[in-house]
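Asks: sequence? don't have it. structure:
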């Protein structure tokens, strides 16, 4: 099973990388974007089937290791 | 319209950050994962409706600014 985890800074946390990307979009003449946020994507393959205990282990992994829950939110997708 | 861009290293490109995360998962006793890849997520809000020309401008932005097309693949999602 393939797991894709998305980690993004929380709404009320300052994101200087996102601000820099937004300014670059503007100054280089691309689209005018608002609220640019830059986060992480972590993809991996893992043995197991989609079940509550499987999701609990993925949640623990995301909460403990892959994100900083004080300043970041995460979500994940499971695909075959 | 909200745009979420996912940028991930190409399959045949070495990803030391992904390797490090995979080793951390293993040594800290979490799930045993294979093929760990770490990429970027860029979220932003933009004026416009979903149309071929709109998608062309997003593609140009992703190709030119948000990803390095030599070593990275990108995909994006549009939501209201």
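Replies: Here it is on my side, so go on. Keep in mind it's a predicted model, so treat the numbers as computed, not measured.
Asks: wait, does the longest strand belonging to chain A contact chain B?
Replies: Counting residues, the longest strand in chain A under DSSP state E turns out to be strand A:33-46. Yes - contact between strand A:33-46 and chain B, assessed by C-beta under 8 Å from any C-beta of the partner chain, occurs at A:33-46. Where C-beta positions appear, they are placed from N, C-alpha and C, glycine not excepted.
Asks: I'd like the distance between the nearest residue to residue A:32 once chain neighbours are set aside and chain B.
Replies: Of all residues not flanking residue A:32 in the chain, residue A:26 sits nearest, at 6.2 Å (C-beta to C-beta, 6 or more residues apart in numbering or on different chains). The gap separating residue A:26 from chain B is 11 Å, by C-beta to the nearest C-beta, to the nearest Å.
Asks: neighbouring contacts of the host helix or strand of residue A:26?
Replies: Residue A:26 belongs to helix A:16-27 when assigned by DSSP states H and E. Outside helix A:16-27, the residues within contact range by C-beta atoms under 8 Å, 6 or more residues apart in numbering or on different chains are A:9, A:31-38, B:42, B:44, B:61, B:65-66.
Asks: one step back: name the member of the residues of strand A:33-46 next to chain B with the most neighbours.
Replies: Among the residues of strand A:33-46 next to chain B, the one with the most neighbours (other C-beta atoms under 10 Å in any protein chain shown) is residue A:42, at 28 neighbours.
Asks: Between the contacts of helix A:16-27, which has the least confident prediction?
Replies: Taking these together, the minimum pLDDT is found at residue A:31 (78).
Asks: and that residue, what is it in contact with?
Replies: Contacts for residue A:31 (C-beta under 8 Å, 6+ apart) come out as A:25, B:46, B:48, B:57, B:58, B:61.
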